[in-house]
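Student: Give me the fold of what follows.
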Amino acid sequence: KAEAMTEADNVPNYQRRVVLRAVTFNNLCCYYRSRGKQNAALQFAEQCLRIEQHYKEAENAARTYLNYGVLLSTTGRNGEALEQIEKALAVLHDRERESP
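Tutor: Residues are numbered from 1 along each chain as shown. Model prediction:
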């Protein structure tokens, strides 16, 4: 149902729809992680990352990288987790440099 709410019929503005879809997937990732469903959480995190990497309008890339990194770490994929956390830090550093 949450995904359906971000369909074109409900959100006609494309840029806004992309942002909402990424946020929705990130929220679903957190929901499933809190329920102990790591595989579902990983799938939603990966979908969110694909959107955020393809469409630069996404607002929460650092948060998504951190969430994904935590999930990877809890599944024993520590090397990949570290890469995601480093990406989050890079996004935050870039954002800091761009701020006036």
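Student: Residue 26: what's it in contact with?
Tutor: Contacts for residue 26 (Cβ atoms under 8 Å, 6 or more residues apart in numbering) come out as 44-45, 48, 60, 63-64, 67. Just so you know, the C-beta spots here come from the backbone N, C-alpha and C atoms, and that holds for glycine as well.
Student: where does this protein dip in pLDDT?
Tutor: Within the chain, the segments meeting pLDDT under 70 span 1-12, 14, 56-59, 100.
Student: Quick check: buried residues in stretch 74-93?
Tutor: Using 16 or more other Cβ atoms under 10 Å as the burial criterion, the residues of stretch 74-93 that qualify are 81, 84-85, 87-88, 91.
Student: pull the CA atoms of the helix or strand encompassing residue 86 into PDB?
Tutor: Of the helices and strands defined by DSSP states H and E, residue 86 is found in helix 78-98. Coordinates of the C-alpha atoms in helix 78-98 are reproduced here as PDB (Å, rounded to 0.1, in the frame of the first residue of the first chain):
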ATOM      1  CA  ASN A  78      31.400  -6.100   7.200                       C
ATOM      2  CA  GLY A  79      33.600  -5.100   4.300                       C
ATOM      3  CA  GLU A  80      30.600  -4.100   2.300                       C
ATOM      4  CA  ALA A  81      29.100  -2.300   5.300                       C
ATOM      5  CA  LEU A  82      32.300  -0.300   5.700                       C
ATOM      6  CA  GLU A  83      32.000   0.800   2.100                       C
ATOM      7  CA  GLN A  84      28.500   2.000   2.600                       C
ATOM      8  CA  ILE A  85      29.400   3.900   5.700                       C
ATOM      9  CA  GLU A  86      32.300   5.600   3.900                       C
ATOM     10  CA  LYS A  87      29.900   6.600   1.100                       C
ATOM     11  CA  ALA A  88      27.600   8.100   3.700                       C
ATOM     12  CA  LEU A  89      30.500  10.100   5.100                       C
ATOM     13  CA  ALA A  90      31.500  11.300   1.600                       C
ATOM     14  CA  VAL A  91      27.900  12.500   1.000                       C
ATOM     15  CA  LEU A  92      27.900  14.400   4.300                       C
ATOM     16  CA  HIS A  93      31.300  16.000   3.600                       C
ATOM     17  CA  ASP A  94      30.100  17.100   0.100                       C
ATOM     18  CA  ARG A  95      27.000  18.600   1.600                       C
ATOM     19  CA  GLU A  96      29.000  20.400   4.200                       C
ATOM     20  CA  ARG A  97      31.300  21.900   1.500                       C
ATOM     21  CA  GLU A  98      28.300  23.000  -0.600                       C
END
